[in-house]
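Asks: Make a model of this:
(chains A, B, C and D)
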There are 2 protein chains.
Amino acid sequence: MKELHKFAESEEMYLKTIAEISGHGNLVPVTSIAERLSISTVSASEMVHRLQDRGLLEHTPYKGVRLTDDGLNRAEGILRRHRLWECFLTEHLGLPWKQVHDFACQLEHVSEDALTDALDKHLGSPSFCPHGNPIPPAQGVLEIRETTPLSDLDVGQEGVVLCIREEDGEILDYLDARAVRPGRRVRIEEIAPYDGPRSVLMDGEKQVLGREVAEHILIELVHDDETE
Amino acid sequence: MKELHKFAESEEMYLKTIAEISGHGNLVPVTSIAERLSISTVSASEMVHRLQDRGLLEHTPYKGVRLTDDGLNRAEGILRRHRLWECFLTEHLGLPWKQVHDFACQLEHVSEDALTDALDKHLGSPSFCPHGNPIPPAQGVLEIRETTPLSDLDVGQEGVVLCIREEDGEILDYLDARAVRPGRRVRIEEIAPYDGPRSVLMDGEKQVLGREVAEHILIELVHDDETE
DNA sequence: AGTTAATATAAGGGCATCCTAACTGATGGA
DNA sequence: TCCATCAGTTAGGATGCCCTTATATTAACT
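Replies: Numbering: from 1, shown residues only, chains lettered A, B, ... in the order given. Predicted structure coming up:
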């Protein structure tokens, strides 16, 4: 009931997007920001300047963009809220993955600290969202896990699904329906020619996953001691 | 993660505000909308025209504004979401009234039907928000209760608190601290001169409430058969 | 080294929402 | 009945975020 304005919304989308694209500290080309947000490069460029003026990122022309500490903080705050809401929507409201992600995308811009913290407590301070992504702590740094895209595994290699990269609601819907979840054990059975679809064994169940999809499934490699 | 735009936010604030000011079907002067939203009358006037063009309300110059059926529907949807979130924030997150109200004011703009309905189910389809205001059903009409502001009661009259008018976070904070809640029984003990502060007995406990505050406490009169 | 492709900037707009200042028209009480 | 006051409109701007088109600059490959 207070201010009608919404400074933050757009800004937050940029910060979040940049944080998501840049794995950790990588330079993010302005073009890829524009692409992910479905806006023109001109607009993205403009906004990058604005964000730079506000000290949230640094832009190296022709190279890309990197979040400052401030910007990274903000971005992690957004990811934290997003993922906490995802936990809530999944566990308590029982919504399907796609809706969970879409709704969380809106809720993430709304939550002040007091709300976020109360939600966190209510959920029992979870460490991971339903898609397996780590939830940044209220303060402190997000620790980094070593992950490999499923698409990088060779025939015979095995691993455990750690998380799904969740930039895109469509893919979540698809994987939700196929019961691809964090914690499941996968083994590549076959890769079709031309880097094509993977036949995988997931907890004993056979599945076929296209390469594009496989890129979004992040794996912790399991050393297959007998074979190696 | 989809569209960056926010058509609805501002529009929704107007609709909600109009619905709140107009008890039921009363004409709402444009000035009072402007006042409540802390914007200039020019801006409010402008927006009223826009909303009229979209068929959400009708403006009678020099008289005021009335929501159309469409507009009322939209407004009730917003109130529904607001009050459902209030239930959640109170019962599950245990937040104090003021925060509950403020956060709900933001969350109300974010909830699509699927989310609202899931939330409703999760909460057990409550009929009233924590402040005692009725929650409009998903479809159908909100039934009207007969209420009297506490400020209208005379010395000796008794009633039960039905709800708190919740336009303003400050008042909620104040009443929260004084344990003024729906369901409590009140009796006016004394009214200070010049329509001043009321001394009331609330479930046996003595309280003093200013007239302004008393106007926001809505009462169901109890016929005191012995005295009357 | 030179051309091409990627990237950045400039120029000119659009839309929604807000503002102030100045003006006009309606209402209602003395 | 008339005038003060309240309500509404017009004009002229501002901001944030988006657009297209055109041009400049840099990077990268042959």
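Asks: C-alpha from now on. contacts and neighbour counts both.
Replies: OK.
Asks: number of nearby residues for the residue of chain A with the smallest separation from DNA strand D?
Replies: For chain A and DNA strand D, the shortest gap (CA to the nearest atom of the strand) falls at residue A:39, measuring 3.2 Å. Neighbourhood size, residue A:39 [other CA atoms under 10 Å in any protein chain shown]: 14.
Asks: try the one 5 residues further on
Replies: By the criterion of other CA under 10 Å, residue A:44 has 20 neighbours.
Asks: So the host helix or strand of it, near chain B or not?
Replies: Using DSSP states H and E, residue A:44 falls within helix A:41-53. No - under the criterion of CA under 8 Å from any CA of the partner chain, helix A:41-53 makes no contact with chain B; the nearest approach is 12.4 Å.
Asks: Mind listing what's buried along the next helix or strand after that helix?
Replies: Counting by DSSP H and E, the element after helix A:41-53 in chain order, helix or strand, is strand A:57-60. With burial defined by 16 or more other CA atoms under 10 Å in any protein chain shown, the residues of strand A:57-60 counted as buried are A:57, A:58, A:59.
Asks: dump the residue contacts of the nearest residue to the first one once chain neighbours are set aside.
Replies: Closest residue to residue A:57 in three dimensions, ignoring its sequence neighbours and counting by CA to CA, 6 or more residues apart in numbering or on different chains: residue A:67, at 4.1 Å. Taking CA atoms under 8 Å, 6 or more residues apart in numbering or on different chains, we find residue A:67 in contact with A:15, A:18, A:19, A:25, A:56, A:57, A:58.
Asks: ditto for residue A:211
Replies: By CA under 8 Å, 6+ apart, the contact set of residue A:211 is A:151, A:195, A:196, A:197, A:198.
Asks: again, only this time at 10 Å
Replies: Shown in contact with residue A:211 (CA atoms under 10 Å, 6 or more residues apart in numbering or on different chains): A:149, A:150, A:151, A:152, A:191, A:192, A:195, A:196, A:197, A:198.
Asks: Ramachandran angles for the first one?
Replies: Torsion angles at residue A:149 (phi, psi; degrees, to the nearest 10) stand at phi -60, psi 140.
Asks: What is the neighbour count of it?
Replies: 21.
Asks: Identify the bridge partners of it.
Replies: residue A:218 (DSSP bridges).
Asks: could you list every residue that touches it?
Replies: Contacts of residue A:149 (CA under 10 Å, 6+ apart): A:161-165, A:211, A:213-221.
Asks: Skipping its backbone neighbours, what lies nearest residue A:88 in space?
Replies: residue A:123 (7.0 Å).
Asks: Can you spell out the domain ranges of chain A, please?
Replies: A:8-67, A:148-222 (automatic domain parsing).
Asks: could you dump those to CSV with mean pLDDT?
Replies: Shown next, in CSV, are these (pLDDT from 0 to 100):
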stretch, mean pLDDT
domain A:8-67, 94
domain A:148-222, 92
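Asks: Format these as TSV; extra columns: distance to residue B:187.
Replies: Formatted as TSV, the domains of chain A follow (distance: least, CA to CA, whole Å):
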stretch	distance to residue B:187
domain A:8-67	47
domain A:148-222	56
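Asks: Looking at the ones you listed, which is nearest to DNA strand C?
Replies: Ranking the domains of chain A by proximity to DNA strand C (CA to the nearest atom of the strand) places domain A:8-67 first, at 3.5 Å.
Asks: what distance separates the start and the end of the closest one?
Replies: By CA to CA, to the nearest Å, the extent of domain A:8-67 from end to end equals 16 Å.
Asks: from the chain's centre, how far out does that domain sit?
Replies: When C-alpha coordinates are averaged (CA atoms, centre = their mean, to the nearest Å), domain A:8-67 and its chain have centres 16 Å apart.
Asks: do the same with stretch A:155-167
Replies: The answer for stretch A:155-167 is 14 Å, by CA atoms, centre = their mean.
Asks: What is the neighbour count of residue A:31?
Replies: By other CA under 10 Å, neighbour count at residue A:31 equals 16.
Asks: and stretch A:72-81, how far from the chain's centre?
Replies: Chain-centre distance of stretch A:72-81: 12 Å, with CA atoms, centre = their mean.
Asks: quick check, it touching DNA strand D?
Replies: No - between stretch A:72-81 and DNA strand D, judged by CA under 7 Å from any atom of the strand, nothing touches; the nearest distance is 14.8 Å.
Asks: is chain B contacted by that stretch?
Replies: No - Stretch A:72-81 does not reach chain B (CA under 10 Å from any CA of the partner chain); its nearest approach is 12.2 Å.
Asks: So which residues of chain A form helices?
Replies: Using DSSP state H, the helices of chain A run over A:8-21, A:30-37, A:41-53, A:69-91, A:97-107, A:113-122, A:169-177, A:211-215.
Asks: mind putting these in a markdown table, distance to residue A:157 included?
Replies: Formatted as a markdown table, the helices of chain A follow (distance: least, CA to CA, whole Å):
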| stretch | distance to residue A:157 |
| --- | --- |
| helix A:8-21 | 27 |
| helix A:30-37 | 31 |
| helix A:41-53 | 40 |
| helix A:69-91 | 30 |
| helix A:97-107 | 28 |
| helix A:113-122 | 37 |
| helix A:169-177 | 21 |
| helix A:211-215 | 14 |
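Asks: Quick one: closest of these to residue B:101.
Replies: Evaluated with CA to CA, the helices of chain A place helix A:113-122 nearest to residue B:101, the distance being 11.6 Å.
Asks: Output the contacting helices and strands for the closest one.
Replies: If you count contacts as 3 or more CA pairs under 10 Å, 6 or more residues apart in numbering or on different chains; DSSP states H and E, helix A:113-122 packs onto helix A:69-91, helix B:69-91, helix B:97-107.
Asks: so who does residue A:126 touch?
Replies: When contacts are counted by CA under 10 Å, 6+ apart, residue A:126 touches A:83, A:84, A:87, A:120, A:134, A:135, A:136, A:137.
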